[in-house]
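In: Next input, structure requested:
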Amino acid sequence: MQLDAILEVAIGLVMTWLIISMATSQIQEFFADLFGTRSAFLKRQIREMFGGDDSKVEEIYSHALIRPLGTTSFFGLKRKPAKIPGDLFAKAAVDIFLNITETNEKKPLVQAIKTLSPNVVPDAMEAVGKLEEYRKNVEDWFEATMSQASDLYRRNIALTAFLIGVVLAYFFNVDSIYITNKLWTQPTLRQAIVAQAGNLDPNDEAGLNNTIAKINDLSLPVGWNEESSPKDQQDWYIKYLGWFVTGLAAAQGSPFWFDILRRLVGLKSQPSPSSQPSQPSQPPAVG
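Out: Below is the predicted model of the structure:
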């Protein structure tokens with residue numbers, strides 16, 4: 001029975017964190033689109049790849065393979081691409097390195113290859129093979145750089161998600177400590193919340209209005225009221241800690257919490273050993 005109560009409290013908490021994470025992601029997406037964060041970050045990384053050579057960066061973005069990848073902002077403004085496939089970047093970069101253009105003054109391929117590798121035998125087939133080798137090397141270079149950049153970007157957005165999560169925690173008074181206490185002491189409340197655990201969809205929009213609606217529908221113990229408001233300085237310290245925990249949870253992202261919720265609901269749906277019907281004992285043999 002105690003294990004069931006702990007599991008139900010955990011489900012209620014994870015549902016709360018999932019909703020806050022969904023709202024945090026929506027707000028992050030809005031600001032990323034508004035300010036072109038991803039596009040600016042990618043351009044900065046490509047600029048570092050070329051040692052700060054802005055002319056090479058502009059040539060990359062002006063290339064026929066890259067230019068169509070540009071995006072449109074929330075206000076209809078044209079922006080640089082937010083993502084560039086490695087193979088397209090490699091083709092564009094090698095074209096620029098070898099000065100291969102689509103004009104009538106196109107430099108012959110063999111001559112272009114010899115510019116970088118003077119010892120290459122001026123044979124067309126060998127030149128084509130060498131060109132593919134260059135492209136593969138550039139693609140590997142780009143992918144390795146983008147892998148490191150992705151780690152940096154994830155750390156940056158995790159910090160942003162934490163700050164947004166704390167603001168949402170304050171706005172809705174999503175105090176993880178208070179929620180845990182309420183769920184633990186009110187079995188009826190936590191059972192009602194657990195019963196709706198399967199209705200959450202991580203793909204739903206979760207702006208402020210939808211967040212309020214979900215919180216109200218689930219009857220989660222959040223929001224400002226006389227009972228949840230701090231009474232003294234110590235209560236405020238606990239409240240700050242509860243908001244901090246909520247912010248940390250929001251930084252994990254909704255996919256993380258949805259996966260945890262799915263696992264917890266799966267555990268909850270499994271019958272406990274004590275509820276398994278006992279096997280009837282075999283009658284003694286006669287004879």
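
In: Val57 is in contact with Ile46, correct?
Out: Yes: taking contacts as C-beta atoms under 8 Å, Ile46 lies within contact range of Val57: 5.6 Å. C-beta: built from backbone N, CA, C; applies to glycine.

In: Settle it for me: which of those two has more neighbours?
Out: Using other C-beta atoms under 10 Å as the criterion, Ile46 and Val57 rank with Ile46 on top: 23 against 18.

In: got the contact list for the more buried one?
Out: Ile46 is in contact with 57, 60, counting by C-beta atoms under 8 Å, 6 or more residues apart in numbering.

In: distance of it from Asp95?
Out: According to C-beta to C-beta, to the nearest Å, Ile46 stands 15 Å off from Asp95.

In: Could you do Ile177 as well?
Out: 58 Å.

In: And for Leu65?
Out: From Leu65 to Asp95 the distance is 8 Å (C-beta to C-beta).

In: Gly253 now?
Out: For Gly253, the distance to Asp95 - C-beta to C-beta - is 38 Å.

In: Show me which helix or strand of the protein is least confident by mean pLDDT.
Out: helix 109-116 (a mean of 51; mean pLDDT, DSSP states H and E).

In: Touching, Ala169 and Thr246? I think so.
Out: Yes: using C-beta under 8 Å, Ala169 is in contact with Thr246, at 3.9 Å.

In: where do the contact lists of the two overlap?
Out: In contact with both Ala169 and Thr246: 20, 175, using C-beta under 8 Å, 6+ apart.

In: More neighbours: which of those two?
Out: Ranked by neighbour count (other C-beta under 10 Å), Ala169 and Thr246 place Thr246 first, with 29 against 25.

In: dump the residue contacts of Val94.
Out: With C-beta under 8 Å, 6+ apart, Val94 has these contacts: 100, 131, 134-135, 138.

In: Now intersect those with the helices, please.
Out: 131, 134-135, 138 (DSSP state H).

In: The residue lying closest to Asp175 once chain neighbours are set aside: how many residues sit nearby?
Out: Nearest non-adjacent residue to Asp175, counting by C-beta to C-beta, 6 or more residues apart in numbering: Gly242, 3.3 Å away. For Gly242, the count of nearby residues is 21 (other C-beta under 10 Å).

In: For the residue nearest to Leu18 when sequence neighbours are not counted, pull up the helix or strand it's in.
Out: Closest residue in space to Leu18, ignoring its immediate chain neighbours: Trp257 at 4.0 Å, by C-beta to C-beta, 6+ apart. Using DSSP states H and E, Trp257 sits in helix 254-269.
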